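Colleague: next comes the sequence, and after it the predicted model I'd like to discuss.
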Amino acid sequence: MSITRRHVAAAGVLALAAAALPARAESADEAAVKKAVDDLGKAMIAADKAKLDALLSDQLSYGHSAGRLETKAIFMDVVAGKRTIYKSITLTEPTVAVAGNNAIARHTMAVETETDGKPSSAKVGVLQVWVKDGANWKLLARQAFRT
């Protein structure tokens, strides 16, 4: 089959029609999860124990890219106890998908930290699982991976 001007014109019309379609509106739950992800980063930088406690599920499984796993108690002790100091956290390429009372958030995270006086930086991919607890979203699981 040869491509004619008619085929090119039809493809152009379809592309314009697709571009004119309204984007899917973000749901209230998607917006709430995005805010919770952002609030978690802010709480980590501030080492805010109360805010961390409010954002984390008691059953938290927090996985690092090196394979280390932490419970809620361990993660809060490391962050709020300033054993690791988070200097900056930058999230890019965020996506959120809500399924009932669960949500999957993905992003790339660039982080600047200090541990035992030694500065460090990392850039990792992150998968988070959030669960709705009443009106609030809490982090149930997190796994980072090397990109």
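Modeller: That came in fine, so what should we check first?

Colleague: all contacts plus neighbour counts: C-alpha atoms, from now on.
Modeller: Noted.

Colleague: would you map the helices across the protein?
Modeller: Per DSSP state H, the chain carries helices over the ranges 5-20, 28-46, 49-55, 72-80.

Colleague: quick one: pLDDT of the nearest residue to Thr115 once chain neighbours are set aside?
Modeller: When the adjacent residues along the chain are set aside, Thr115 lies closest to Thr84, with 4.7 Å between them (Cα to Cα, 6 or more residues apart in numbering). Here the pLDDT value assigned to Thr84 is 96.

Colleague: which residues does Thr84 contact?
Modeller: Applying Cα atoms under 8 Å, 6 or more residues apart in numbering to Thr84 gives the contacts Val78, Thr113, Glu114, Thr115, Asp116.

Colleague: of the helices of the chain, which shows the lowest average pLDDT?
Modeller: Comparing mean pLDDT across these, the lowest value falls on helix 5-20: a mean of 51.

Colleague: check contacts around Arg106.
Modeller: Applying Cα under 8 Å, 6+ apart, the residues near Arg106 are Glu93, Pro94, Thr95, Val96, Gly125, Val126, Leu127, Gln128.

Colleague: tabulate the residues you listed (a markdown table), appending pLDDT, neighbour count and distance to Gly63.
Modeller: Shown next, in a markdown table, are the contacts of Arg106 (pLDDT from 0 to 100; neighbours: other Cα atoms under 10 Å; distance: Cα to Cα, whole Å):
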| residue | pLDDT | neighbour count | distance to Gly63 |
| --- | --- | --- | --- |
| Glu93 | 96 | 9 | 20 |
| Pro94 | 96 | 13 | 18 |
| Thr95 | 97 | 13 | 19 |
| Val96 | 98 | 20 | 19 |
| Gly125 | 98 | 18 | 12 |
| Val126 | 98 | 21 | 9 |
| Leu127 | 98 | 17 | 10 |
| Gln128 | 98 | 20 | 10 |
